[in-house]
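J.: Fold the following for me, if possible:
(one chain, ligands or ions: 1)
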Amino acid sequence: MRAKHLSKKINKFKKGVDEMLGDKSISHGMSRALRHLRKELLLYRNHVEGLERWTGSRGELNDLNVQIGGGAHLLDGYLNIDIVPPADLICDVREGLPLPNSCSNVVFSEHFLEHIDYPVSAKKFIFECHRILKRGGQLIIGVPDSELAVMSYVKRNKNFYKLAIRSWYSKRNCLKDFNTYIDLLNYHFRDQDDDKKYNPHFWAYDYEKIVDMMRRSGFVKIRRWKFDNRIANSKRKWGSIYVCGEK
Ligand SMILES: C[S@@+](CC[C@H](N)C(=O)[O-])C[C@H]1O[C@@H](n2cnc3c(N)ncnc32)[C@H](O)[C@@H]1O
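T.: Residues are numbered from 1 along each chain as shown. Now for the predicted structure:
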């Protein structure tokens, strides 16, 4: 009932935003701000409706394997959680995980953490993963390797530049804007913030940072995770770091 009411309010608000966005004379700055607002409105609606569906449908929650922020890369045998379909559970992970304590054996998440704000949401996310894991359970996090990007920038590494463009941007419309090495670094840190198709990056990570965050949330035996394409998305193999910690 509350979800229905909230969705109605969001839809009304979104209609106003859509109307303004439809006005061709609107300034570039205003259009960017409204696009961000529109996106948050849609995510909020997904969250509210997704949580209501979930609360009504969930059964026994034990012995789970959980994937967070998998997008279309769904994992069999996992509870796939994302803010957009086709996930099993649609919710905004910045608000926490609607799962009980110690219900999961493994939490896997790749190329998700950099899409939420640091410190508030990112720290909460790691803490929540720790809470839902059983003792001995594993958290595996993969992120774009920002150390590699920065080192390659400093060394003017042509090979990295070519591989990064081939792996990440070759099918996109932004190639004309890659003119110098710093452009690649900026895309690495922010992604295509100006394009509604892509989710901006909010924070950059390296191995040291993920280890520190995991440790502060109580994880132990933290180490690099060897890429395993039975779980991980093969397109992430190059240019990512994966870290694993145990509860
Ligand atoms: C770059 S995609 C990565 C998808 C997949 N893991 C992969 O490596 O191909 C980031 C994913 O995080 C999800 N996401 C972003 N913010 C989220 C949030 N606040 N709560 C839940 N999922 C979120 C997006 O919907 C998207 O599916």
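
J.: which stretches of the protein have low pLDDT?
T.: 1, 56 (pLDDT under 70).

J.: now the strands for it?
T.: 64-68, 79-82, 89-90, 104-110, 133-144, 220-224, 240-246 (DSSP state E).

J.: Give the other helices and strands that the last one contacts.
T.: Using 3 or more C-beta pairs under 8 Å, 6 or more residues apart in numbering; DSSP states H and E as the contact criterion, the neighbours of strand 240-246 among helices and strands are strand 133-144, helix 207-216, strand 220-224. Backbone N, C-alpha and C define where each C-beta goes, glycine included.

J.: Need the winner for burial among these.
T.: Among the helices and strands packed on strand 240-246, judged by mean count of other C-beta atoms under 10 Å, the one packed with the most neighbours on average is strand 133-144 (a mean of 20).

J.: can you tell me if it touches the ligand.
T.: No: for strand 133-144, no contact with the ligand is found by C-beta under 6 Å from any ligand atom; the gap never falls below 7.3 Å.

J.: for stretch 155-175, same thing?
T.: No: applying C-beta under 6 Å from any ligand atom, one finds stretch 155-175 out of contact with the ligand, separated by at least 10.5 Å.

J.: Buried residues, that stretch. List them.
T.: Neighbour-count burial for stretch 155-175 flags 157, 160-161, 164-165, 168-169 (criterion: 16 or more other C-beta atoms under 10 Å).

J.: Which of these sits closest to the ligand?
T.: The ligand has its nearest neighbour among those in residue 168, at 10.5 Å by C-beta to the nearest ligand atom.

J.: I am finished for the moment; much appreciated.
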